[in-house]
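Trainee: Quick one: sequence and predicted model below, then my questions.
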Amino acid sequence: MIVSAALFAIAFPPFPLFIPVLVCLVPIAITIARLADGDGTGWDAARVGLWFGILGYGANLYWIAIALLLYTKLAILGYLGTLIWLGPAVAIAAAALFTARRLTKWPLALLLPIVWVASELMLNHLSDLSFPWLPLGLSMSRVPVMAQLADVSSVRTVSFWIAAINGLLADAWLLRNERHRRGAVVQRIVSVLCILAVAWGYGAWRMSSIALKPLAQVAIVQPDIPEEAKLNVQDPTTHVATLTAMTRYELRAHAPQLILWPEAALDQFLWRYPNWLDSLRAATAARPTPILTGVMDSDNPLSGDFHYYNAAIITDANGHVGGQPAYRKQYLVPIVERVPFVNPAWFHGMNYFGAFSRGVSEQPFEGPFGKVGTMICYESIYPELTRAYATNGAVMLANITNDAWFQRSSAPYQHFAHLAFRAIETRLPIVRAANTGISGYIDPLGRVRAETPIFVPKTETYAIQGAGVQTLYLRLGDWLSGLCAAVTGGLLLVAWRRRRIDRGGVASEGMDAVRE
(Lines give C-alpha, C1' and ligand atoms only; values in the text may rest on other atoms or scores of the structure.)
Protein backbone atom coordinates (compact mmCIF):
# COMPACT_ATOMS: atom_id res chain seq x y z
CA MET A 1 0.00 0.00 0.00
CA ILE A 2 2.74 2.46 0.98
CA VAL A 3 4.81 1.44 -2.04
CA SER A 4 1.80 1.94 -4.33
CA ALA A 5 1.11 5.36 -2.84
CA ALA A 6 4.77 6.41 -3.20
CA LEU A 7 4.86 5.37 -6.86
CA PHE A 8 1.52 7.09 -7.50
CA ALA A 9 2.95 10.27 -5.96
CA ILE A 10 5.74 10.49 -8.56
CA ALA A 11 3.76 9.25 -11.56
CA PHE A 12 2.43 12.66 -12.62
CA PRO A 13 3.85 16.03 -13.66
CA PRO A 14 6.14 17.71 -12.89
CA PHE A 15 8.03 14.40 -12.59
CA PRO A 16 9.26 13.41 -16.10
CA LEU A 17 9.02 9.69 -15.35
CA PHE A 18 7.48 6.90 -17.44
CA ILE A 19 7.82 3.75 -15.30
CA PRO A 20 6.11 4.58 -11.95
CA VAL A 21 2.60 4.73 -13.39
CA LEU A 22 3.09 1.31 -15.02
CA VAL A 23 3.69 -0.31 -11.63
CA CYS A 24 2.04 1.97 -9.06
CA LEU A 25 -1.10 -0.18 -8.76
CA VAL A 26 0.75 -3.51 -8.65
CA PRO A 27 1.30 -3.74 -4.85
CA ILE A 28 -2.25 -2.72 -3.98
CA ALA A 29 -3.72 -5.04 -6.64
CA ILE A 30 -1.68 -7.97 -5.30
CA THR A 31 -2.87 -7.26 -1.75
CA ILE A 32 -6.53 -7.10 -2.78
CA ALA A 33 -6.27 -10.28 -4.89
CA ARG A 34 -4.77 -12.17 -1.95
CA LEU A 35 -7.58 -10.96 0.29
CA ALA A 36 -10.19 -12.04 -2.28
CA ASP A 37 -8.57 -15.43 -2.91
CA GLY A 38 -8.16 -16.10 0.80
CA ASP A 39 -10.14 -15.28 3.91
CA GLY A 40 -10.18 -11.50 3.56
CA THR A 41 -13.28 -9.34 3.54
CA GLY A 42 -14.47 -6.40 1.51
CA TRP A 43 -13.81 -4.17 4.51
CA ASP A 44 -10.17 -5.29 4.53
CA ALA A 45 -9.86 -4.34 0.87
CA ALA A 46 -11.61 -1.03 1.48
CA ARG A 47 -9.12 -0.15 4.22
CA VAL A 48 -6.24 -0.85 1.85
CA GLY A 49 -7.83 1.41 -0.76
CA LEU A 50 -8.59 4.08 1.81
CA TRP A 51 -4.99 4.42 2.91
CA PHE A 52 -3.71 4.26 -0.65
CA GLY A 53 -6.08 7.08 -1.56
CA ILE A 54 -5.16 9.22 1.43
CA LEU A 55 -1.40 8.76 1.03
CA GLY A 56 -1.24 8.82 -2.77
CA TYR A 57 -3.57 11.77 -3.31
CA GLY A 58 -2.22 13.46 -0.19
CA ALA A 59 1.29 13.53 -1.66
CA ASN A 60 0.05 14.77 -5.05
CA LEU A 61 -2.44 17.35 -3.82
CA TYR A 62 -0.49 19.03 -1.03
CA TRP A 63 -0.80 22.25 -3.01
CA ILE A 64 -4.49 22.55 -2.07
CA ALA A 65 -3.52 23.72 1.42
CA ILE A 66 -1.06 26.25 -0.06
CA ALA A 67 -3.57 27.57 -2.57
CA LEU A 68 -6.52 27.89 -0.21
CA LEU A 69 -4.41 29.69 2.37
CA LEU A 70 -4.73 32.81 0.24
CA TYR A 71 -8.49 32.75 0.80
CA THR A 72 -8.98 31.36 4.28
CA LYS A 73 -6.98 30.36 7.36
CA LEU A 74 -8.99 27.15 7.30
CA ALA A 75 -7.01 26.00 4.25
CA ILE A 76 -5.74 22.86 5.93
CA LEU A 77 -9.34 21.82 6.53
CA GLY A 78 -10.04 22.15 2.81
CA TYR A 79 -7.04 19.93 2.05
CA LEU A 80 -8.10 17.36 4.64
CA GLY A 81 -11.67 17.52 3.37
CA THR A 82 -10.43 16.65 -0.12
CA LEU A 83 -8.57 13.63 1.18
CA ILE A 84 -11.52 12.60 3.35
CA TRP A 85 -13.53 12.46 0.13
CA LEU A 86 -10.94 10.95 -2.24
CA GLY A 87 -9.82 8.30 0.25
CA PRO A 88 -13.28 6.70 0.49
CA ALA A 89 -13.66 6.97 -3.31
CA VAL A 90 -10.57 4.78 -3.74
CA ALA A 91 -11.80 2.55 -0.92
CA ILE A 92 -14.99 1.91 -2.89
CA ALA A 93 -12.93 1.01 -5.96
CA ALA A 94 -10.78 -1.36 -3.89
CA ALA A 95 -13.87 -3.04 -2.41
CA ALA A 96 -15.35 -3.37 -5.91
CA LEU A 97 -12.13 -4.98 -7.18
CA PHE A 98 -12.18 -7.39 -4.22
CA THR A 99 -15.81 -8.32 -4.88
CA ALA A 100 -15.27 -8.82 -8.61
CA ARG A 101 -12.19 -10.97 -8.00
CA ARG A 102 -13.90 -13.18 -5.43
CA LEU A 103 -16.97 -13.57 -7.65
CA THR A 104 -15.28 -14.32 -10.97
CA LYS A 105 -11.66 -15.32 -10.23
CA TRP A 106 -10.81 -13.39 -13.38
CA PRO A 107 -7.23 -12.18 -13.77
CA LEU A 108 -6.28 -8.73 -12.53
CA ALA A 109 -5.22 -7.89 -16.07
CA LEU A 110 -8.93 -7.72 -16.87
CA LEU A 111 -10.52 -6.68 -13.58
CA LEU A 112 -8.13 -3.90 -12.59
CA PRO A 113 -8.55 -1.74 -15.72
CA ILE A 114 -12.33 -2.23 -15.72
CA VAL A 115 -12.78 -1.25 -12.07
CA TRP A 116 -10.17 1.53 -12.09
CA VAL A 117 -11.57 3.24 -15.18
CA ALA A 118 -15.08 2.95 -13.74
CA SER A 119 -13.81 4.73 -10.61
CA GLU A 120 -12.25 7.50 -12.73
CA LEU A 121 -15.59 7.96 -14.47
CA MET A 122 -17.31 8.17 -11.08
CA LEU A 123 -14.94 10.95 -9.96
CA ASN A 124 -15.79 12.83 -13.16
CA HIS A 125 -19.56 12.83 -12.57
CA LEU A 126 -20.25 13.67 -8.93
CA SER A 127 -21.69 17.17 -9.23
CA ASP A 128 -20.15 19.42 -6.56
CA LEU A 129 -17.75 16.66 -5.54
CA SER A 130 -16.38 15.78 -8.97
CA PHE A 131 -12.59 15.95 -9.07
CA PRO A 132 -11.01 14.02 -12.00
CA TRP A 133 -7.64 15.69 -11.46
CA LEU A 134 -5.33 12.68 -11.69
CA PRO A 135 -6.48 10.03 -14.16
CA LEU A 136 -3.72 7.47 -14.74
CA GLY A 137 -3.52 8.56 -18.37
CA LEU A 138 -2.35 12.04 -17.36
CA SER A 139 1.10 10.57 -16.77
CA MET A 140 1.54 10.27 -20.56
CA SER A 141 0.95 13.95 -21.29
CA ARG A 142 4.62 14.49 -22.14
CA VAL A 143 4.84 11.30 -24.22
CA PRO A 144 2.35 12.16 -26.98
CA VAL A 145 3.03 9.04 -29.04
CA MET A 146 1.75 6.95 -26.09
CA ALA A 147 -1.25 9.21 -25.52
CA GLN A 148 -2.89 9.07 -28.95
CA LEU A 149 -5.38 6.36 -27.95
CA ALA A 150 -7.22 9.14 -26.10
CA ASP A 151 -8.99 9.94 -29.40
CA VAL A 152 -10.79 6.58 -29.09
CA SER A 153 -12.60 7.22 -25.81
CA SER A 154 -10.94 10.12 -23.91
CA VAL A 155 -7.95 10.10 -21.57
CA ARG A 156 -9.47 7.14 -19.78
CA THR A 157 -8.56 4.93 -22.74
CA VAL A 158 -4.94 5.56 -21.79
CA SER A 159 -5.81 4.92 -18.15
CA PHE A 160 -7.26 1.57 -19.25
CA TRP A 161 -4.12 0.25 -20.92
CA ILE A 162 -1.94 1.54 -18.08
CA ALA A 163 -4.13 -0.25 -15.52
CA ALA A 164 -4.08 -3.38 -17.69
CA ILE A 165 -0.26 -3.39 -17.57
CA ASN A 166 -0.41 -3.03 -13.78
CA GLY A 167 -2.85 -5.93 -13.67
CA LEU A 168 -0.64 -8.15 -15.85
CA LEU A 169 2.38 -7.47 -13.66
CA ALA A 170 0.34 -8.21 -10.53
CA ASP A 171 -0.84 -11.50 -12.05
CA ALA A 172 2.74 -12.40 -12.94
CA TRP A 173 3.86 -11.75 -9.38
CA LEU A 174 1.08 -13.90 -7.92
CA LEU A 175 2.06 -16.79 -10.22
CA ARG A 176 5.81 -16.51 -9.83
CA ASN A 177 6.20 -19.34 -7.25
CA GLU A 178 3.98 -21.86 -9.06
CA ARG A 179 6.35 -24.03 -11.09
CA HIS A 180 3.70 -25.32 -13.45
CA ARG A 181 2.56 -21.75 -14.17
CA ARG A 182 5.89 -20.16 -15.07
CA GLY A 183 4.95 -20.16 -18.71
CA ALA A 184 1.96 -18.03 -17.74
CA VAL A 185 4.30 -15.54 -16.06
CA VAL A 186 6.29 -15.20 -19.28
CA GLN A 187 3.07 -14.79 -21.24
CA ARG A 188 2.04 -11.88 -19.04
CA ILE A 189 5.39 -10.15 -19.41
CA VAL A 190 5.11 -10.58 -23.16
CA SER A 191 1.56 -9.18 -23.00
CA VAL A 192 2.88 -6.07 -21.24
CA LEU A 193 5.33 -5.53 -24.08
CA CYS A 194 2.56 -6.10 -26.61
CA ILE A 195 0.31 -3.46 -24.99
CA LEU A 196 3.17 -0.97 -25.03
CA ALA A 197 3.85 -1.82 -28.67
CA VAL A 198 0.19 -1.40 -29.64
CA ALA A 199 -0.06 1.94 -27.84
CA TRP A 200 3.15 3.14 -29.48
CA GLY A 201 2.16 1.78 -32.89
CA TYR A 202 -1.25 3.42 -32.82
CA GLY A 203 0.30 6.66 -31.67
CA ALA A 204 2.97 6.63 -34.36
CA TRP A 205 0.34 5.92 -37.02
CA ARG A 206 -1.96 8.73 -35.87
CA MET A 207 0.85 11.24 -35.59
CA SER A 208 2.11 10.43 -39.08
CA SER A 209 -1.29 10.23 -40.76
CA ILE A 210 -2.95 13.40 -39.43
CA ALA A 211 -1.98 16.39 -41.55
CA LEU A 212 -1.91 19.77 -39.85
CA LYS A 213 -2.83 22.93 -41.72
CA PRO A 214 -2.23 26.59 -40.81
CA LEU A 215 -5.24 28.05 -39.03
CA ALA A 216 -4.53 31.39 -37.37
CA GLN A 217 -2.18 33.65 -35.43
CA VAL A 218 -3.22 33.81 -31.77
CA ALA A 219 -1.55 35.94 -29.09
CA ILE A 220 -1.45 35.47 -25.34
CA VAL A 221 -0.84 38.01 -22.60
CA GLN A 222 0.64 36.69 -19.34
CA PRO A 223 0.73 39.71 -17.00
CA ASP A 224 2.16 37.89 -13.94
CA ILE A 225 -0.01 39.56 -11.31
CA PRO A 226 0.43 37.80 -7.94
CA GLU A 227 -2.74 36.51 -6.34
CA GLU A 228 -2.12 38.57 -3.22
CA ALA A 229 -2.10 41.68 -5.39
CA LYS A 230 -5.35 40.69 -7.11
CA LEU A 231 -7.03 40.08 -3.76
CA ASN A 232 -5.75 43.15 -1.91
CA VAL A 233 -5.30 45.84 -4.56
CA GLN A 234 -7.21 49.04 -3.89
CA ASP A 235 -7.56 50.00 -7.54
CA PRO A 236 -7.80 47.01 -9.94
CA THR A 237 -7.63 49.42 -12.86
CA THR A 238 -3.83 49.28 -12.52
CA HIS A 239 -3.92 45.62 -13.55
CA VAL A 240 -6.03 46.43 -16.60
CA ALA A 241 -3.51 49.10 -17.55
CA THR A 242 -0.77 46.46 -17.43
CA LEU A 243 -2.75 44.16 -19.73
CA THR A 244 -3.48 47.02 -22.12
CA ALA A 245 0.18 48.04 -22.35
CA MET A 246 1.34 44.46 -22.94
CA THR A 247 -1.31 43.98 -25.63
CA ARG A 248 -0.19 47.10 -27.46
CA TYR A 249 3.41 45.86 -27.34
CA GLU A 250 2.48 42.49 -28.85
CA LEU A 251 0.37 44.10 -31.58
CA ARG A 252 3.31 46.27 -32.60
CA ALA A 253 5.52 43.18 -32.92
CA HIS A 254 3.05 40.79 -34.58
CA ALA A 255 -0.31 40.64 -36.32
CA PRO A 256 -2.46 38.17 -34.36
CA GLN A 257 -6.05 37.52 -35.32
CA LEU A 258 -7.13 36.93 -31.72
CA ILE A 259 -5.72 37.94 -28.33
CA LEU A 260 -6.24 35.96 -25.13
CA TRP A 261 -6.19 37.57 -21.70
CA PRO A 262 -6.26 35.29 -18.62
CA GLU A 263 -9.11 34.22 -16.39
CA ALA A 264 -10.42 37.09 -14.24
CA ALA A 265 -8.21 39.58 -16.09
CA LEU A 266 -11.18 41.91 -15.53
CA ASP A 267 -11.79 40.77 -11.99
CA GLN A 268 -14.70 43.08 -11.24
CA PHE A 269 -18.05 43.70 -12.90
CA LEU A 270 -17.96 45.89 -16.00
CA TRP A 271 -20.99 47.80 -14.72
CA ARG A 272 -18.90 48.69 -11.67
CA TYR A 273 -15.85 49.79 -13.74
CA PRO A 274 -17.24 51.14 -17.03
CA ASN A 275 -13.86 52.76 -17.82
CA TRP A 276 -12.53 49.26 -18.52
CA LEU A 277 -14.61 49.29 -21.70
CA ASP A 278 -12.47 52.21 -22.83
CA SER A 279 -9.34 50.22 -21.96
CA LEU A 280 -10.47 47.32 -24.14
CA ARG A 281 -11.01 49.64 -27.07
CA ALA A 282 -7.70 51.41 -26.50
CA ALA A 283 -5.74 48.15 -26.28
CA THR A 284 -6.32 47.33 -29.94
CA ALA A 285 -6.77 50.81 -31.37
CA ALA A 286 -3.57 50.61 -33.44
CA ARG A 287 -4.37 47.18 -34.89
CA PRO A 288 -8.03 46.13 -34.56
CA THR A 289 -8.11 42.62 -33.07
CA PRO A 290 -10.68 40.78 -30.92
CA ILE A 291 -9.79 40.11 -27.28
CA LEU A 292 -11.06 37.05 -25.43
CA THR A 293 -10.78 37.74 -21.72
CA GLY A 294 -11.90 36.53 -18.33
CA VAL A 295 -14.35 38.74 -16.47
CA MET A 296 -16.68 38.79 -13.51
CA ASP A 297 -20.24 38.58 -14.80
CA SER A 298 -23.58 38.86 -13.05
CA ASP A 299 -27.30 38.92 -13.41
CA ASN A 300 -29.11 42.21 -12.89
CA PRO A 301 -27.34 43.75 -9.85
CA LEU A 302 -30.53 45.55 -8.87
CA SER A 303 -32.54 42.34 -8.56
CA GLY A 304 -33.16 40.73 -5.21
CA ASP A 305 -31.74 37.38 -6.32
CA PHE A 306 -28.21 38.39 -7.31
CA HIS A 307 -26.02 35.75 -9.00
CA TYR A 308 -22.45 36.21 -10.17
CA TYR A 309 -20.25 34.12 -12.43
CA ASN A 310 -16.67 33.47 -13.40
CA ALA A 311 -17.01 34.23 -17.10
CA ALA A 312 -15.36 35.02 -20.42
CA ILE A 313 -16.27 37.57 -23.06
CA ILE A 314 -15.00 38.31 -26.54
CA THR A 315 -14.83 41.79 -28.03
CA ASP A 316 -15.15 42.68 -31.67
CA ALA A 317 -12.03 43.79 -33.55
CA ASN A 318 -12.46 47.34 -32.26
CA GLY A 319 -12.74 46.32 -28.62
CA HIS A 320 -16.50 46.67 -28.26
CA VAL A 321 -18.30 44.33 -25.84
CA GLY A 322 -21.80 42.94 -26.12
CA GLY A 323 -21.96 41.49 -29.60
CA GLN A 324 -21.87 37.94 -28.22
CA PRO A 325 -23.17 36.64 -24.86
CA ALA A 326 -20.62 35.86 -22.16
CA TYR A 327 -19.57 32.28 -21.50
CA ARG A 328 -20.19 31.47 -17.84
CA LYS A 329 -18.05 28.83 -16.19
CA GLN A 330 -19.90 25.57 -15.58
CA TYR A 331 -17.39 23.43 -13.67
CA LEU A 332 -16.56 25.30 -10.48
CA VAL A 333 -13.58 24.65 -8.24
CA PRO A 334 -14.84 22.97 -5.05
CA ILE A 335 -14.66 25.17 -1.94
CA VAL A 336 -12.94 28.13 -3.63
CA GLU A 337 -15.70 28.91 -6.14
CA ARG A 338 -18.54 26.87 -4.74
CA VAL A 339 -18.76 25.12 -1.38
CA PRO A 340 -20.31 21.71 -2.16
CA PHE A 341 -24.02 21.30 -1.39
CA VAL A 342 -24.23 24.59 0.52
CA ASN A 343 -26.44 27.56 -0.31
CA PRO A 344 -24.12 30.04 -2.12
CA ALA A 345 -25.97 32.93 -0.49
CA TRP A 346 -24.24 32.07 2.80
CA PHE A 347 -20.94 33.23 1.31
CA HIS A 348 -21.99 36.39 -0.52
CA GLY A 349 -20.09 38.56 1.96
CA MET A 350 -16.75 36.78 1.48
CA ASN A 351 -15.43 38.60 -1.62
CA TYR A 352 -16.45 36.04 -4.22
CA PHE A 353 -15.38 32.99 -2.21
CA GLY A 354 -17.54 29.87 -2.39
CA ALA A 355 -20.66 31.49 -3.86
CA PHE A 356 -20.33 31.45 -7.64
CA SER A 357 -23.24 30.33 -9.78
CA ARG A 358 -22.95 27.92 -12.69
CA GLY A 359 -23.31 28.64 -16.37
CA VAL A 360 -25.32 26.28 -18.57
CA SER A 361 -24.20 26.75 -22.19
CA GLU A 362 -21.31 25.37 -24.28
CA GLN A 363 -21.85 27.74 -27.20
CA PRO A 364 -18.47 28.66 -28.76
CA PHE A 365 -17.55 32.26 -29.49
CA GLU A 366 -17.52 33.37 -33.11
CA GLY A 367 -13.90 34.30 -33.80
CA PRO A 368 -12.30 35.91 -36.87
CA PHE A 369 -11.17 32.51 -38.23
CA GLY A 370 -13.94 30.26 -36.88
CA LYS A 371 -15.57 29.20 -33.63
CA VAL A 372 -13.56 29.20 -30.41
CA GLY A 373 -14.51 27.04 -27.43
CA THR A 374 -13.48 28.45 -24.05
CA MET A 375 -12.40 26.57 -20.95
CA ILE A 376 -11.98 28.64 -17.80
CA CYS A 377 -9.27 27.33 -15.48
CA TYR A 378 -10.31 24.03 -13.89
CA GLU A 379 -12.69 23.22 -16.76
CA SER A 380 -9.71 21.92 -18.75
CA ILE A 381 -9.85 18.64 -16.79
CA TYR A 382 -13.33 17.74 -18.12
CA PRO A 383 -13.28 16.00 -21.54
CA GLU A 384 -17.03 16.32 -22.06
CA LEU A 385 -16.86 20.13 -22.21
CA THR A 386 -14.36 20.23 -25.06
CA ARG A 387 -16.25 17.44 -26.83
CA ALA A 388 -19.37 19.63 -26.72
CA TYR A 389 -17.41 22.54 -28.19
CA ALA A 390 -16.00 20.38 -30.97
CA THR A 391 -19.41 18.98 -31.89
CA ASN A 392 -20.74 22.57 -31.92
CA GLY A 393 -18.23 23.52 -34.61
CA ALA A 394 -15.23 24.91 -32.71
CA VAL A 395 -12.00 25.02 -34.70
CA MET A 396 -9.86 26.02 -31.72
CA LEU A 397 -9.99 25.71 -27.93
CA ALA A 398 -8.92 28.51 -25.60
CA ASN A 399 -8.01 27.91 -21.98
CA ILE A 400 -7.85 31.04 -19.84
CA THR A 401 -6.73 30.57 -16.27
CA ASN A 402 -5.31 32.18 -13.17
CA ASP A 403 -2.91 29.70 -11.60
CA ALA A 404 -1.26 32.33 -9.40
CA TRP A 405 -2.89 30.85 -6.31
CA PHE A 406 -1.09 27.53 -6.96
CA GLN A 407 2.20 29.36 -6.33
CA ARG A 408 5.39 27.36 -7.05
CA SER A 409 3.87 23.94 -6.45
CA SER A 410 3.31 20.97 -8.73
CA ALA A 411 -0.24 22.14 -9.49
CA PRO A 412 0.52 24.43 -12.49
CA TYR A 413 2.28 21.54 -14.23
CA GLN A 414 -0.47 19.03 -13.48
CA HIS A 415 -3.08 21.55 -14.63
CA PHE A 416 -1.29 22.32 -17.90
CA ALA A 417 -0.80 18.60 -18.63
CA HIS A 418 -4.54 17.99 -19.11
CA LEU A 419 -4.57 20.11 -22.25
CA ALA A 420 -2.55 17.58 -24.22
CA PHE A 421 -5.45 15.15 -23.85
CA ARG A 422 -8.15 17.70 -24.66
CA ALA A 423 -6.24 18.37 -27.92
CA ILE A 424 -5.88 14.67 -28.80
CA GLU A 425 -9.50 13.83 -27.94
CA THR A 426 -10.89 16.58 -30.17
CA ARG A 427 -7.97 17.01 -32.63
CA LEU A 428 -8.24 20.75 -32.04
CA PRO A 429 -5.42 23.20 -31.27
CA ILE A 430 -5.41 24.74 -27.80
CA VAL A 431 -4.00 28.10 -26.79
CA ARG A 432 -3.67 28.88 -23.11
CA ALA A 433 -3.35 32.26 -21.44
CA ALA A 434 -2.47 32.05 -17.74
CA ASN A 435 -2.04 35.00 -15.42
CA THR A 436 1.29 33.78 -14.02
CA GLY A 437 1.87 30.84 -16.38
CA ILE A 438 2.00 28.25 -17.74
CA SER A 439 0.71 29.77 -20.98
CA GLY A 440 1.29 28.02 -24.27
CA TYR A 441 0.14 26.27 -27.42
CA ILE A 442 -0.68 22.57 -27.83
CA ASP A 443 -1.26 21.25 -31.34
CA PRO A 444 -3.97 18.71 -32.32
CA LEU A 445 -1.49 15.86 -31.83
CA GLY A 446 -1.11 16.76 -28.16
CA ARG A 447 2.39 18.14 -28.62
CA VAL A 448 3.36 21.16 -26.52
CA ARG A 449 4.67 23.51 -29.19
CA ALA A 450 5.26 26.46 -26.86
CA GLU A 451 5.04 27.13 -23.13
CA THR A 452 6.02 30.00 -20.90
CA PRO A 453 7.85 29.87 -17.58
CA ILE A 454 5.80 30.61 -14.49
CA PHE A 455 5.86 33.99 -12.72
CA VAL A 456 7.35 35.84 -15.68
CA PRO A 457 5.50 38.61 -17.60
CA LYS A 458 5.19 37.44 -21.19
CA THR A 459 3.45 38.08 -24.50
CA GLU A 460 3.68 35.67 -27.40
CA THR A 461 1.96 35.03 -30.71
CA TYR A 462 1.52 31.45 -31.90
CA ALA A 463 0.97 30.25 -35.46
CA ILE A 464 -1.58 27.56 -34.64
CA GLN A 465 -2.56 24.65 -36.86
CA GLY A 466 -5.79 22.68 -37.26
CA ALA A 467 -6.41 19.07 -38.23
CA GLY A 468 -10.02 18.79 -39.36
CA VAL A 469 -10.32 15.23 -38.02
CA GLN A 470 -13.45 13.67 -36.51
CA THR A 471 -12.34 11.29 -33.76
CA LEU A 472 -14.14 8.23 -32.48
CA TYR A 473 -14.45 9.98 -29.13
CA LEU A 474 -16.27 12.90 -30.75
CA ARG A 475 -18.68 10.53 -32.48
CA LEU A 476 -19.37 8.08 -29.63
CA GLY A 477 -18.29 9.85 -26.47
CA ASP A 478 -16.60 8.08 -23.56
CA TRP A 479 -17.99 4.68 -24.46
CA LEU A 480 -15.14 2.66 -22.94
CA SER A 481 -15.57 4.21 -19.49
CA GLY A 482 -19.32 3.66 -19.72
CA LEU A 483 -18.74 0.01 -20.59
CA CYS A 484 -16.33 -0.39 -17.65
CA ALA A 485 -18.88 1.19 -15.32
CA ALA A 486 -21.62 -1.11 -16.63
CA VAL A 487 -19.49 -4.24 -16.20
CA THR A 488 -18.40 -3.18 -12.71
CA GLY A 489 -21.97 -2.42 -11.73
CA GLY A 490 -23.16 -5.71 -13.18
CA LEU A 491 -20.56 -7.72 -11.26
CA LEU A 492 -21.44 -5.96 -8.01
CA LEU A 493 -25.13 -6.61 -8.61
CA VAL A 494 -24.52 -10.32 -9.25
CA ALA A 495 -22.38 -10.54 -6.12
CA TRP A 496 -25.06 -8.81 -4.08
CA ARG A 497 -27.82 -11.10 -5.34
CA ARG A 498 -25.70 -14.19 -4.79
CA ARG A 499 -25.01 -13.09 -1.23
CA ARG A 500 -28.73 -12.58 -0.60
CA ILE A 501 -29.45 -16.05 -1.98
CA ASP A 502 -26.72 -17.57 0.18
CA ARG A 503 -28.08 -15.80 3.24
CA GLY A 504 -31.56 -16.98 2.38
CA GLY A 505 -30.31 -20.54 2.11
CA VAL A 506 -28.61 -20.36 5.49
CA ALA A 507 -31.73 -18.91 7.05
CA SER A 508 -33.87 -21.66 5.50
CA GLU A 509 -31.56 -24.38 6.84
CA GLY A 510 -31.75 -22.78 10.27
CA MET A 511 -35.57 -22.81 10.23
CA ASP A 512 -35.59 -26.48 9.14
CA ALA A 513 -33.33 -27.32 12.06
CA VAL A 514 -35.64 -25.51 14.47
CA ARG A 515 -38.66 -27.41 13.15
CA GLU A 516 -36.88 -30.75 13.58
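Mentor: Cool, the structure landed.

Trainee: Next up, the contacts around the closest residue to Thr41 other than its chain neighbours.
Mentor: With CB to CB, 6 or more residues apart in numbering as the criterion, Thr41 has its nearest non-adjacent residue at 7.4 Å, and that residue is Leu35. All C-beta atoms are positioned from the backbone trio N, CA, C, and that covers glycine. With contact set as CB atoms under 8 Å, 6 or more residues apart in numbering, Leu35 has these partners: 41, 44-45, 48, 98.

Trainee: Identify the residue nearest the geometric centre of the chain.
Mentor: For the chain, Ile381 is the residue whose C-alpha lies nearest the centre (CA atoms, centre = their mean; 2.2 Å).

Trainee: Skipping its backbone neighbours, what lies nearest that residue in space?
Mentor: According to CB to CB, 6+ apart, the nearest residue to Ile381 is His418 (4.9 Å).

Trainee: Same question for Val448.
Mentor: Ile442 (5.5 Å).

Trainee: And the residue nearest to Thr41, how far from Arg498?
Mentor: Between Leu35 and Arg498 the computed distance is 18 Å (CB to CB, to the nearest Å).

Trainee: Kindly report the same for Trp479.
Mentor: Applying CB to CB, the value for Trp479 to Arg498 is 28 Å.

Trainee: more neighbours, the two?
Mentor: Neighbour comparison, Trp479 and Arg498: the larger count goes to Trp479, with 15 against 11 (by other CB atoms under 10 Å).

Trainee: surely the more buried one meets Ser153?
Mentor: Yes: look at Trp479 against Ser153 with CB atoms under 8 Å: they come within range, at 5.4 Å.

Trainee: Contacts only, for the residue nearest to Ile381.
Mentor: Applying CB under 8 Å, 6+ apart to His418 gives the contacts 138, 141, 155, 380-381.

Trainee: List the ones among the residues you listed that fall in helices.
Mentor: Val155 (DSSP state H).

Trainee: Need the contacts of His418 in JSON lines (columns: pLDDT and distance to Ile64).
Mentor: As requested, the contacts of His418 are arranged in JSON lines below (pLDDT from 0 to 100; distance: CB to CB, whole Å):
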{"residue": "Leu138", "pLDDT": "97", "distance to Ile64": "17"}
{"residue": "Ser141", "pLDDT": "96", "distance to Ile64": "20"}
{"residue": "Val155", "pLDDT": "98", "distance to Ile64": "21"}
{"residue": "Ser380", "pLDDT": "97", "distance to Ile64": "17"}
{"residue": "Ile381", "pLDDT": "97", "distance to Ile64": "14"}
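
Trainee: Map the structural domains onto the sequence of this structure.
Mentor: The record's domain split for the chain, according to automatic domain parsing, is 2-209, 214-475.

Trainee: Just tell me which of those domains ends up closest to Thr488.
Mentor: Nearest to Thr488 among these is domain 2-209 (4.1 Å), distances taken as CB to CB.

Trainee: so how far is the first residue of that closest one from its last?
Mentor: 43 Å (CA to CA, to the nearest Å).

Trainee: ditto for stretch 218-238
Mentor: Per CA to CA, the first residue of stretch 218-238 is 25 Å away from its last.

Trainee: Now do the buried residues in it.
Mentor: Applying a neighbour-count criterion of 16 or more other CB atoms under 10 Å, the buried positions in stretch 218-238 are 218-227, 230, 236.

Trainee: and the domains of the chain as CSV, adding distance to Asp502?
Mentor: Conversion of those to CSV gives the following (distance: least, CB to CB, whole Å):
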stretch, distance to Asp502
domain 2-209, 12
domain 214-475, 37
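
Trainee: Of all the ones you listed, which one comes closest to Leu491?
Mentor: Across those, the minimum distance to Leu491, taken as CB to CB, is reached by domain 2-209, at 4.6 Å.

Trainee: I figured Leu7 hits Ile28, correct?
Mentor: No: with the criterion set as CB under 8 Å, Leu7 and Ile28 do not qualify as a contacting pair; they are 9.8 Å apart.

Trainee: on that earlier part again, of the contacts of Leu35, select the buried ones using a ChimeraX command.
Mentor: The ChimeraX selection below is limited to those of the contacts of Leu35 classed as buried (16+ other CB under 10 Å):
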select :44,45,48,98
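
Trainee: which one among the contacts of Leu35 gets closest to Pro288?
Mentor: Val48 (61.0 Å).

Trainee: Now name the helix or strand holding the closest one.
Mentor: With elements taken from DSSP states H and E, the one containing Val48 is helix 42-60.

Trainee: Same check on Glu263?
Mentor: Using DSSP H and E, Glu263 falls within no helix or strand.

Trainee: So it versus Thr374, what's the distance?
Mentor: Using CB to CB, Glu263 is found at 10 Å from Thr374.

Trainee: Common neighbours of the two, please.
Mentor: Common contact partners of Glu263 and Thr374 (CB under 8 Å, 6+ apart): 312, 400.

Trainee: Would you map the helices across the stretch 401-516 of the chain?
Mentor: For the stretch 401-516 of the chain, the helices identified by DSSP state H, counting those that start in this stretch occupy 411-426, 472-476, 479-515, in order along the chain.

Trainee: closest one to Ser127 among the ones you listed?
Mentor: Among those, helix 479-515 sits nearest to Ser127 (CB to CB), with 16.5 Å.

Trainee: now the helix holding Val48: mean pLDDT?
Mentor: Mean pLDDT, computed over helix 42-60, is 95.

Trainee: Report all helices and strands that it contacts.
Mentor: Counting contacts by 3 or more CB pairs under 8 Å, 6 or more residues apart in numbering; DSSP states H and E, helix 42-60 packs against helix 2-9, helix 26-37, helix 75-104.

Trainee: right, and the helix or strand after it?
Mentor: In the C-terminal direction from helix 42-60 (assignment by DSSP H and E), the next one is helix 63-68.

Trainee: Mind giving me the packing neighbours of that following helix?
Mentor: Counting contacts by 3+ CB pairs under 8 Å, 6+ apart, the secondary-structure elements packed against helix 63-68 are helix 75-104.
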